[in-house]
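Chemist: Prediction below, plus the sequence it came from.
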Amino acid sequence: MSRIFKTPEEAEAAFYEAIEQADIKALDEVWSSDDNIVCVHPGSSRIEGRRAVMDSYVELFSDAPILNFSIVDALYTGNEGLAVHLVREEIELDGEVVSVMVSTNIYHVEGGGWRMLLHHASPEPDAAFQDDYADFQGFDDTGFDDLDDELDELDEPRRPPVLH
């Protein structure tokens, strides 16, 4: 019988523990049985479907070192049947933080418990890059180049750049 996760937080803790232990059976219990699940590993394309997602973890576990995850920042939203967790993962190898990811984890109620529908992890943008972008003055450093002029002529208001 499959494990029942009483809360999305319990399912999330089991998800990261399964990855840390490279335990495909435990990971399998966290994910929804629905074939519409989706996973995006850092730097990878979207993986769709239960079999493809689980196969991606089998491959990941066969090659990867043992990692430890710490969730250091989390935002939660949802309702009685759907939960969205936006988390910041600090990933450690041999006690040293080697990577920071920003991830979205989505859970839903299935079979009386919470199961994962989506995991999307991306490297956290470099803070130095964000600081440099705040001072961006156009492509020729004058603040007045052809692209700036073209953007000024658009009817729609400018939108901030998407950095992911």
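Modeler: Cool, got the structure.
Chemist: name the helices or strands packed onto the strand ranked longest in the chain?
Modeler: Once the chain is assigned using DSSP state E, the strand that runs over the most residues is strand 96-110. Secondary structure elements in contact with strand 96-110, counted by 3 or more C-beta pairs under 8 Å, 6 or more residues apart in numbering; DSSP states H and E, are helix 8-21, strand 82-93, strand 113-123. From N, CA and C alone the C-beta is placed, and that goes for glycine too.
Chemist: Adjacent strands (with direction) for it?
Modeler: Paired neighbours of strand 96-110 in the sheet (DSSP bridges): strand 82-93 (antiparallel), strand 113-123 (antiparallel).
Chemist: pLDDT averaged over that strand, what's the number?
Modeler: Within the predicted structure, the mean pLDDT of strand 96-110 is 95.
Chemist: Take the strands paired with strand 96-110 and lay them out in TSV including mean pLDDT.
Modeler: As requested, the strands paired with strand 96-110 are exported to TSV (pLDDT from 0 to 100):
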stretch	mean pLDDT
strand 82-93	96
strand 113-123	97
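Chemist: Which among these is found nearest to residue 70?
Modeler: For these, the distance to residue 70 is smallest for strand 82-93, at 4.6 Å, taking C-beta to C-beta.
Chemist: Return, as residue ranges, the portions of this protein with sub-threshold pLDDT.
Modeler: Within the chain, the segments meeting pLDDT under 70 span 1, 127-164.
Chemist: Report the inter-axis angle for the helix or strand where residue 71 lies versus strand 96-110.
Modeler: Element membership of residue 71 [criterion: DSSP states H and E] is strand 68-78. Taking axes from the mean of the first three to the mean of the last three C-alpha atoms, to 10 degrees, one finds strand 68-78 and strand 96-110 inclined to each other by 40 degrees.
Chemist: export the helices and strands packed on strand 96-110 to JSON lines and tack on mean neighbour count and distance to residue 38?
Modeler: As requested, the helices and strands packed on strand 96-110 are arranged in JSON lines below (neighbours: other C-beta atoms under 10 Å; distance: least, C-beta to C-beta, whole Å):
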{"stretch": "helix 8-21", "mean neighbour count": "19", "distance to residue 38": "14"}
{"stretch": "strand 82-93", "mean neighbour count": "17", "distance to residue 38": "13"}
{"stretch": "strand 113-123", "mean neighbour count": "20", "distance to residue 38": "5"}
